[in-house]
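Colleague: Return a 3D structure for these sequence lines:
(chains A and B)
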Amino acid sequence: MDEQQIIGLLFQRSEQAITQIQQVYGRACLAVARRILPDARDAEECVSDACLKVWDTIPPEHPRSLGAYLMRITRNLALDRHDYNSAACRATALASAYEELEPFLSSVMRDDADDATFRHTLNRFLRSLPERTRNCFIRRYWYGESIREIAESYYLKEETVKSMLFRTKNSLKRALEKEEVFV
Amino acid sequence: MNEERFKKLMSAIDDDLLEQARQKPSVKKGFALHLLAMAACLCIVIGLLWSPVEKGQNKIMLEDLQVLGYEMNLPISAESVDYALVNLGDAYAVPMAQATFVQNGAVYVCRAQKTETPADLTQMGDTVVSDMTWRSDNMELLLSQSETTSCVSWYEPREGIQWCLQTEDDPLELINTASQIIMQLGYQMAVAPEGAEKITYTAFMVDEMTTAETTFIYDGIRYSYRTAGSVRMADLSQKEIAGAVTETAKLGWCNAELVYVEGGQGKILWYDVAPGLLYSLYMESGASYEALLTMADELYTPAQSEVG
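Modeller: The predicted structure is shown next:
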């Protein structure tokens, strides 16, 4: 069943939609949640909550990409449960990704940001990247995948992935400085 | 940057980019054979084994090679292409595919043989006077030279195909031509970072060492990356840098020497003693300890690591 058909079931308020969502996206959502939450049960609860939230919000929402919509909800729910200041949580993949980004962006990021401008600048920058570079960047810092996982997916050396991310972070910093965008 | 800023940064990414990144990377071109072609392949092979094919008797077309699972993706500028199928005997279940073509005035012969393990298709035997292995990410290239012939060979493990590209003309363009074929197979030569421009591959002699060189421009800076077989450490770069500082570092398990002017020219040299391979990476400007080491780290594939 494709995305539009599942959205159709949601609009019809058919409970089969939830079954389909769990079948099609359950594993991917769990992987996203597990990268943020060290506890497996927390991650599973997160995924269940995400499915419930999709049920509650569609309709009236009609996302163009159900997969991305669901991942975003799952991630936000997982982040809400996550405590970055807890030493125990520092071991998660996403926490280490966060620590990687901080030295590059802390000097250009402030609290008084124009959201729309920042969003526009960030996405324009990402779209200017080669597809593989962009995907590696998003997999690392949004999905929290490890360097090894990314390298294996793309048949690259881990050093290549590290260098790619290093250069992308530098380029992102320059792009934000150039546009004078502050978060 | 604090937690809230991180969340804000990450939540700003457009959905279609998230979806695209979530998808599995597409399988490398040529990796998946159509089942129908496989079935047709069996029928054709049986016919071919009973009727040896010779050029001129039975004109071979590209489609004949494709049915056997050979995607002969020659360089775009290849001209006067002639195809052939050559039976190499009982050792192989499928005939070898061969394409002879002309590019930039030079004649090349490209051979491909389905085989479970790497094989020698050069037909150069004892006439080889020099050779070296050049590693490029997940591809290992063997450069061989005799008095009259230069050859680049590589094995494509995912398809189980041994490749060989030969010329009796100027060998300088040989690696460049091979790289065009390799990239059309869906592999990256990967001796240049993603986003690099004006990438060229050449081979020549430096102090009597057969040397492979990649040059490219990245972030507006020109780089030259060289490798050669050697019994000892030496400076392969042929670049003298006045007023430079010299530092040492570790690159994998190799000791590396960095010679650079901060923000100016720079080079990093290292020698992998186990396979006896010498390396140099030179950057025309923007050099620093970190910049040299980061780029070298990305380009260098230790000879001891697995291929494919």
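
Colleague: Show the contacting residues for B:E63.
Modeller: B:E63 makes no contacts at all, as judged by CB atoms under 8 Å, 6 or more residues apart in numbering or on different chains. Using the backbone N, CA and C atoms, a C-beta is placed for each residue, glycine as well.

Colleague: Okay, and it sits in which element?
Modeller: helix B:62-67 (DSSP states H and E).

Colleague: Report the buried residues of that helix.
Modeller: B:64-67 (16 or more other CB atoms under 10 Å in any protein chain shown).

Colleague: Now tabulate those in a markdown table and tack on pLDDT and distance to A:W55.
Modeller: As requested, the buried residues of helix B:62-67 are arranged in a markdown table below (pLDDT from 0 to 100; distance: CB to CB, whole Å):
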| residue | pLDDT | distance to A:W55 |
| --- | --- | --- |
| B:D64 | 87 | 57 |
| B:L65 | 88 | 54 |
| B:Q66 | 86 | 50 |
| B:V67 | 85 | 51 |
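
Colleague: Go through the residues you listed and say which is closest to B:Q265.
Modeller: Of all those, B:Q265 sits closest to B:L65, with 47.4 Å by CB to CB.

Colleague: Which residue comes closest to that closest one once chain neighbours are left out?
Modeller: B:A97 (4.5 Å; CB to CB, 6 or more residues apart in numbering or on different chains).

Colleague: Report the helix or strand with the lowest average pLDDT across the chain.
Modeller: In the absence of a named chain, chain A is used. Here the helix or strand of chain A ranked lowest by mean pLDDT, DSSP states H and E is helix A:93-105, holding a mean of 72.

Colleague: Oops, wrong one, chain B.
Modeller: helix B:35-50 (a mean of 34).

Colleague: longest helix in chain A, by residue count?
Modeller: helix A:158-179 (DSSP state H).

Colleague: What residues of that helix count as buried?
Modeller: Going by 16+ other CB under 10 Å, helix A:158-179 has these buried residues: A:159-169, A:171-173, A:175-176, A:179.

Colleague: So it, near chain B or not?
Modeller: Yes - using CB under 8 Å from any CB of the partner chain, helix A:158-179 reaches chain B at A:159-160, A:162-164, A:166-167.

Colleague: mind putting those residues in CSV, distance to A:F118 and pLDDT included?
Modeller: Output for these, formatted as CSV (distance: CB to CB, whole Å; pLDDT from 0 to 100):
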residue, distance to A:F118, pLDDT
A:E159, 31, 73
A:T160, 29, 75
A:K162, 26, 80
A:S163, 26, 75
A:M164, 23, 79
A:F166, 22, 77
A:R167, 21, 74
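
Colleague: List just the nearest of the residues you listed to chain B.
Modeller: A:S163 (3.8 Å; CB to the nearest CB).

Colleague: For that closest one, which residues are in contact?
Modeller: With CB under 8 Å, 6+ apart, A:S163 has these contacts: B:193, B:294-295, B:297-298.

Colleague: Tabulate the residues you listed in JSON lines, adding columns for secondary structure and distance to A:I58.
Modeller: As requested, those are exported to JSON lines (DSSP: H, G, I helix; E, B strand; the rest coil; distance: CB to CB, whole Å):
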{"residue": "B:P193", "secondary structure": "coil", "distance to A:I58": "42"}
{"residue": "B:T294", "secondary structure": "helix", "distance to A:I58": "45"}
{"residue": "B:M295", "secondary structure": "helix", "distance to A:I58": "47"}
{"residue": "B:D297", "secondary structure": "helix", "distance to A:I58": "46"}
{"residue": "B:E298", "secondary structure": "helix", "distance to A:I58": "43"}
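
Colleague: Okay then, goodbye and thanks.
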